[in-house]
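A.B. asks: how would this look folded up:
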Amino acid sequence: MISVVIPVYNEAGTLEQLHRELSEVAAARGYDVQIVLVDDGSRDDSWRVIEQLAVRDPRVLGIRFRRNFGKAAALSAGFDAATGDTIVTMDADLQDSPAEIPTLLGRLEQGLDVVSGWKRKRHDPWHKRYPSKVFNALVSKLTGVRLHDHNCGLKAFRRDVIHEIRLYGELHRFVPVLAAARGFSVGEVPVEHRPRVSGESKYGWSRIPKGLLDLLTVQFITRFGQRPQHWLGSAGLVSLFLGILGMAYLAVVWCVSRMPWQPAEAAVHLHQRAALYYSLVLVIIGTQLLAMGFVAEMIAALVSRDRDAFSIAEYTSPREKNLPAATVPSTPTPEPNV
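C.D. replies: As a prediction, this is how the structure comes out:
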C-alpha cells in the first residue's frame, strides 16, 4: 500500500481536483492507496470537503487539528495514521502533480530510501525563487546532503524512515537531511511544478531567518544530538582556557610590577585593565557552557521522545479515533456467534 500524506491549510478549492488526480494515477498504475488529509486548522471549508471525500471514498482518512500547528505537526500526524509501506508527501495546492508519483516510486525501487522532488522550473515570483536557491545551496553545503530543492513538498520514502526521524517546529523541509543522518540513502528526481491556481503561498521573506535557525538546529541534532557535551563542552573548554590564560597573564604582570626594583608608579592596578573583565567573562561563559553540556547529556540520556506537539480533534472514521496507527485493524473484527 502507498500512503499519500497531504497537509491541508485553507485549500478547500483544490481538494476535489487533487483527489480526482490521485484516483486517476492509482487506477492507471494499479496502486493500492491510502489518502491521508490533515486539516491543519483551516479557516475555510477544507474540513467539510475532506469529510465529503471520506464518505465517498473509503481510501480517504481525514484528520483535523484544533488549531494551526504547522506543517511539521501535520506531517507527523499523517505519518502516525499512515498504514502503507511507502509514504508519499505532497502539498494540497495543486502545484505538486500526482502524475509524478510513479517517477518517485521508480527511484525507490532502484534502492533509495528517500526521494525528493526537484522543481527544476518553478512557477513562483523571483523574490521566492532566488532566496530559495541560496538557502538550498547553504543547506547542501553545510549538511553534505546535496539536493537542489530541500523544501519541495513532493517526496517519497520507505516506511522505516518515519520510524527513525522526529518532526517538530519547521523541520519538515529537512526530512532528507534527518534521514541521511540516520544512514538512509537519499536522492532526487526532477518533477513538474505547476502554476498556482488558487490560494496564496505560505512562504515569504520571513521564512528565511527561521530557516537559517532551523538549519542550525538540524546541524546540532544530526551531529551532536546524542552527544551535546561534545559541542557545548568543547566551546566551554576553549572559553575557559582563554579566560584562565588571560587571568594568568594579568597575575604575572601584577607580580612583576610590584617587584622591589620597580618604581611605585609602575604598579599595575588590575581593576583598571579591561583584560581582567574580558578574562572573567570568558571564565564564566566557559563554566556555564560546561554545565549546560552536562545538563544536556542527562536530558539526552533520560528523554527518548517528546510528547506530540499537536492535538487532534476528530477523524472522519470513528474506528481510528484514539487508536495508534499500528493498532487500527484493517478489517472489522467479526463478532463471535452466540
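
A.B. asks: so what's Arg258 up against?
C.D. replies: With contacts defined as C-beta atoms under 8 Å, 6 or more residues apart in numbering, the neighbours of Arg258 are 267-268. Placement of C-beta: from N, CA and C, glycine included.

A.B. asks: Quick check: it vs Ala266, distance?
C.D. replies: 9 Å (C-beta to C-beta, to the nearest Å).

A.B. asks: cool, and Arg107?
C.D. replies: In this structure, Arg107 lies at 75 Å from Ala266, with C-beta to C-beta as the measure.

A.B. asks: Between those two, tell me which one has more neighbours.
C.D. replies: The residue with the greater number of neighbours, taking Arg107 and Ala266 and applying other C-beta atoms under 10 Å, is Arg107; the counts read 16 against 11.

A.B. asks: would you list every one of the helices in the stretch 101-250 of the chain?
C.D. replies: Per DSSP state H, counting those that start in this stretch, the stretch 101-250 of the chain carries helices over the ranges 101-109, 126-143, 159-164, 175-181, 207-224, 228-257.

A.B. asks: ranking the ones you listed by burial, who's on top?
C.D. replies: Mean neighbour count, computed with mean count of other C-beta atoms under 10 Å, is highest for helix 175-181 among these, reaching a mean of 23.

A.B. asks: so how far is that helix off the chain centroid?
C.D. replies: Between the mean C-alpha point of helix 175-181 and the mean C-alpha point of its chain there is a distance of 9 Å (C-alpha atoms, centre = their mean, to the nearest Å).

A.B. asks: Using the three-state scheme, assign Glu100.
C.D. replies: Secondary structure of Glu100, reduced to three states by DSSP: H, G, I helix; E, B strand; the rest coil: helix.

A.B. asks: Can you give me the distance of it to Glu16?
C.D. replies: Computed with C-beta to C-beta, the distance linking Glu100 and Glu16 is 20 Å.

A.B. asks: Look at the two and report which has more neighbours.
C.D. replies: Remark: of Glu100 and Glu16, Glu100 carries more neighbours, 20 against 12, as counted by other C-beta under 10 Å.

A.B. asks: The more buried one contacts Ala156, correct?
C.D. replies: No. Applying C-beta atoms under 8 Å as the test, Glu100 and Ala156 come out as separate, 9.5 Å apart.

A.B. asks: tell me the strands in the chain, going along the chain?
C.D. replies: Across the chain, reading from the start of the chain, the strands by DSSP state E fall at 2-8, 33-39, 60-65, 86-89, 114-119, 155-158, 186-191, 312-315.

A.B. asks: Quickly note the distance from Ala28 to Ala291.
C.D. replies: Distance, Ala28 to Ala291, using C-beta to C-beta: 60 Å.

A.B. asks: To clarify, my last question referred to Ile162.
C.D. replies: Ile162 sits 35 Å away from Ala291, going by C-beta to C-beta.

A.B. asks: how does this structure divide up, domain by domain?
C.D. replies: The record's domain parsing of the chain by automatic domain parsing lists 2-224, 228-302.

A.B. asks: Now mean pLDDT and distance to Tyr315 too, for those domains, in a markdown table please.
C.D. replies: Listed next are the domains of the chain as a markdown table, based on pLDDT from 0 to 100; distance: least, C-beta to C-beta, whole Å:
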| stretch | mean pLDDT | distance to Tyr315 |
| --- | --- | --- |
| domain 2-224 | 85 | 6 |
| domain 228-302 | 84 | 33 |
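
A.B. asks: CSV please, covering the ones you listed and showing distance to Ser317.
C.D. replies: Shown next, in CSV, are the domains of the chain (distance: least, C-beta to C-beta, whole Å):
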stretch, distance to Ser317
domain 2-224, 6
domain 228-302, 37
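
A.B. asks: middle-most residue in this protein, spatially?
C.D. replies: With distances taken as C-alpha atoms, centre = their mean, the residue of the chain nearest its centroid is Leu171 (1.5 Å).

A.B. asks: That one touches Asp214, doesn't it?
C.D. replies: Yes. Under the criterion of C-beta under 8 Å, Leu171 lies in contact with Asp214, with a separation of 6.2 Å.

A.B. asks: Adding distance to Asn151, write the helices of the stretch 101-250 of the chain out as a markdown table.
C.D. replies: As requested, those are exported to a markdown table (distance: least, C-beta to C-beta, whole Å):
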| stretch | distance to Asn151 |
| --- | --- |
| helix 101-109 | 16 |
| helix 126-143 | 7 |
| helix 159-164 | 18 |
| helix 175-181 | 10 |
| helix 207-224 | 8 |
| helix 228-257 | 26 |
